[in-house]
Structure formats: C-alpha cells, structure tokens
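S.K.: okay, sequence plus prediction incoming.
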Amino acid sequence: MKVHFIAIGGSAMHNLAIALHKNGYEVSGSDDEIFEPSKSKLAKYGLLPENEGWNESLIHQGLDAVIVGMHARADNPELLRAQQLGIKIYSYPEYLYEHSKEKKRVVIGGSHGKTTITAMILHVLKFNEIDCDYMIGAQLDGFEVMVKLSEDAPFMIIEGDEYLTSPIDRRPKFHVYMPDIALISGIAWDHINVFPTFENYVEQFRIFSNKVSDGGVLIYCGNDTVLKQVCESSKSSTRKISYSLPEYKICDGNTFVYSGDGIYQLKIFGKHNLLNLNGARLVCNQLGVTDEKFYEAISLFSGASMRLDLVDYNDTVSVFKDFAHSPSKLKASTTAVKEQFPDRKLVACLELHTFSSLTAEFLKEYNGTMDNADVAIVYFNPHTIEHKKLSPVSPEQVKQAFGKEDIKVYNNCNLLREDILKIKWKNSNLLLMSSGNFDGLNYSELAQKIIA
C-alpha cells in the first residue's frame, strides 16, 4: 500500500504515518512547517520530507490513499490534485475507523481528562498483557508511538477529540468513530472559533452519546450536571454507567485510594485525576479487567506526558509543568497541587496560547480559576494574538477577566523568567501551565535554578 500524508507533521498524523510505515506501508508526506518532536521522530523512520512546503507532483495515480490533516486548507494544491485524480482521501479519524470496523471500539471523549484516561486504560491493558490497537494524543512511557494498528488486536482504544476532522470534513472527530464503549469525562466550553456558543458545544456531545452502538456502553462523570443530563437523555438502547470520586486520602504529599480489597498508593494526584481513574476503571472492567488487577496496575501509573509532570524537586520545592490551558483544566490542576501540598506556597503560572484563551469575550470564562494559587501569574505574547488575527488584549483586560486583584500579568517572557527566579522558593511549588512552551522557556533549566 502506498499512502501520502498531507500535513504529516501533526501530532496524530506523524504517529499514524509511523504506524503504517512499521506495518510495511510505503509512506510519503509533506507539510509547510514541522516542529519537534514530530521532526525528529519522522527523521528516525526516514519519513521526514526533504523540503517543507506543498508539492502536487507527490500526488499521482500510483497512490492507494491520501490522508489529510486539519492543518491543511481546503485549497491545498496536493489535496486539489488528489481530488482531481479521484484518489481515495481520508481524514485520520476516518482512516482509524476504517481500520477498526471489525474491532470493538472504545472512544474516550470529554473537554478535559481524555488523554489521561486513555493513557490509564492503555497502561492497565499493557500491564495485564491484553492486546489492543490505539490512538492517543500524548507520549506514554513504554509506548514507542502514539498509534498502533494491527490485524489481530480485538479492541481499538481511541482518544476522541471534539475538534474538526479535516478541512473538507467539518464533523468533530469523535463523531466519526462510532463507539461500542464510550466515556465522556466532562463538558466545559472550548474551541469557540468552531463552537461559538456553549449550547452549540454541548450539542456535539449529545450527538456523540447517541453514536454508541445499540447495546453498547456509555460511561460518564456523574459530577458534571450538564453531562449527566446529556447522557441520561441519550438513546435507550445504550447501557449507561456513571462514576464519581473514589474514596481517597492524602498523607505527607502522597495520595492513597481505597478499593474493596485494599489501599493503594498512587503516583498521580488531584481530584480530577481520581475521577479520571474511576472512569478508566469502569472501561477496563468492560474489557475483562477486574478491580484488583486494575488497581495493581494503576498504582504504577505516573501520568501522560505534560499532565502534571514533575520537572524537578527537592525536600521543600517541586516544579510541575502541565498542559492545562482551558478554564476547567486550569482550575483542576491548580486545585490539585494546592490540595496535595497544603503547607506550601503555590505559584501558578499560565500562558494564554490558544485561540479561545486569547479572545476577549472568552477570557471571562477564566474568572476565579486561579483563586487557589497563593501567587497567580498570567503570560501572553502579543505576537501570538497578531498571528491568530485576533483583536489585541491588554494586561488590564486579563487581570479583570481572572477576577483576582493581586494577579500578575506579563507579556515579556524574559521579564517573567527573571521575576520567577527572584521569588523565595523555600516551602513553595511552581506550576507552569500551557499548551505551548512560554516562547521556548527551558523548563528543566528554570527548575534547576529554582531548586539550587
């Protein structure tokens, strides 16, 4: 099989390309920009395009399929050429569905937690030597790539994103997968460039809940009142299971969870992660994993990449980095670190980086989200706002939006770094939250200086 990837540098796209290459496919690809870690991983497998940019000569009748990523535009010259030649065109969600049509599909959706829940499930299945195919949006310890496709695995575990499928298919990705088992972790408005109202956003989850196969299972977080209403009103042919927090305790900075057969110490922490854990447990139960086997495995789970990652620490200071960027994620991560270390000062630092977070109207959704931080800091780069073609946002607007009088707002990353290093760090924690990287901030170097 010969397959060409348009926008091969995307996080899911480059992993799917590598998965097909490992399966013996002849893979080519193109992109106008490719960043790390995609660049190094593609180069490792000989899949990095020789030149950046689009080249319609790469599209020819000898191709069996073209897979197009969301980063490409509808007028992409390679895409237009493929359409002209009548070559089969897939988005990556469509390709994953085609591969998994004869398998039991498990799709993990939700505004927050879906990567972590998917990671937990994969960790538990691997620990218990249960074979599965998968697609996940973050790098995991013990997994070489984020996509695995095979002929023999009976299950496919898919992280189901609600963002759009491709430039020529405006459906949310998780509408494509048609799950036999679905989990929804929560609904918190995001992607306002695509879903301009909360009601419109909620409707996408209502549609997803009704995509579960007849006789299938819908698992959902019962703590979310909007989600509960959505799931309880979904089609009656689906079996519905809700979950909430498990019984737990925190002792000396460690979290312990109770189960029917004992107490297990966890490497992860935070109420949001305990909710994620309970959802993952119920999914694993559906796949034949007992609670005892689940907890034995999950006690060794250290988290998905960039989800409350511990960068460095000593006896009195810890530095965490986290993918939190939306209001619900920001509040959950800030609350988790404060609850885990109540006697330490918490310095929480957020980079506004996404389209939604840099939109003046949506900024209001952040009100109160950093109230649990002892020192709250927000950073944004005005050039990022210009690049996204949004109206300018002032530091005063940001301060008012968060509703915290003593919040500090920066738009110069060098000044931010200097001021962070001036803080007296004994008995304190730093939580760095962004879907970007604070304009190239070296997390490890910063953490080492703080600890020193």
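M.R.: That came through fine.
S.K.: quick check: domain ranges of the chain?
M.R.: 2-87, 95-298, 309-451 (automatic domain parsing).
S.K.: got the ones you listed as TSV, with mean pLDDT and mean neighbour count columns?
M.R.: Placement of C-beta: from N, CA and C, glycine included. Listed next are these as TSV, based on pLDDT from 0 to 100; neighbours: other C-beta atoms under 10 Å:
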stretch	mean pLDDT	mean neighbour count
domain 2-87	96	17
domain 95-298	95	19
domain 309-451	93	18
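S.K.: helices or strands up against whatever helix or strand L274 lives in?
M.R.: Counting by DSSP states H and E, the element that carries L274 is helix 271-286. Packing contacts for helix 271-286, counted by 3 or more C-beta pairs under 8 Å, 6 or more residues apart in numbering; DSSP states H and E, involve strand 104-109, helix 114-127, strand 181-184, strand 217-221, strand 239-243, strand 254-259, helix 291-298, helix 327-340.
S.K.: contacting residues for Y248?
M.R.: The contact partners of Y248, by C-beta atoms under 8 Å, 6 or more residues apart in numbering, come to 255-258, 274.
S.K.: give me that answer again for 10 Å
M.R.: 255-258, 263-264, 266, 269, 271, 274, 277 (C-beta atoms under 10 Å, 6 or more residues apart in numbering).
S.K.: and it, backbone torsions?
M.R.: phi -150, psi 170 (degrees, to the nearest 10).
S.K.: so it versus L275, what's the distance?
M.R.: 11 Å (C-beta to C-beta, to the nearest Å).
S.K.: G142 too?
M.R.: According to C-beta to C-beta, G142 stands 24 Å off from L275.
S.K.: all strands for the stretch 51-200 of the chain, in order.
M.R.: Applying DSSP state E, counting those that start in this stretch to the stretch 51-200 of the chain gives strands spanning 65-68, 89-91, 104-109, 133-135, 147-148, 155-159, 164-166, 169-172, 181-184.
S.K.: rebuild those strands as TSV, extending it with distance to A82.
M.R.: What follows is the strands of the stretch 51-200 of the chain, written out as TSV (distance: least, C-beta to C-beta, whole Å):
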stretch	distance to A82
strand 65-68	4
strand 89-91	6
strand 104-109	27
strand 133-135	23
strand 147-148	22
strand 155-159	25
strand 164-166	12
strand 169-172	14
strand 181-184	32
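S.K.: out of these, flag the one nearest I121.
M.R.: Proximity to I121 (C-beta to C-beta) singles out strand 155-159 among these, at 5.6 Å.
S.K.: okay, angle between that closest one and helix 114-127 too, please.
M.R.: 150 degrees (axes from the mean of the first three to the mean of the last three C-alpha atoms, to 10 degrees).
S.K.: which residues touch the residue most central in space within the chain?
M.R.: By C-alpha atoms, centre = their mean, the chain has its centre lying nearest to T115, at 4.6 Å. T115 sits next to 108, 136-138, 140, 146, 159, 161, 276, 303-307, 323 when contact means C-beta under 10 Å, 6+ apart.
S.K.: please redo it, this time with the cut-off set to 6 Å
M.R.: By C-beta atoms under 6 Å, 6 or more residues apart in numbering, the contact set of T115 is 137-138, 159, 304.
S.K.: before we move on, the earlier item: okay, the contacts of Y248 in TSV with distance to F438 next?
M.R.: Below are the contacts of Y248 laid out as TSV (distance: C-beta to C-beta, whole Å):
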residue	distance to F438
T255	28
F256	34
V257	33
Y258	38
I263	38
Y264	35
L266	28
F269	23
K271	26
L274	28
L277	29
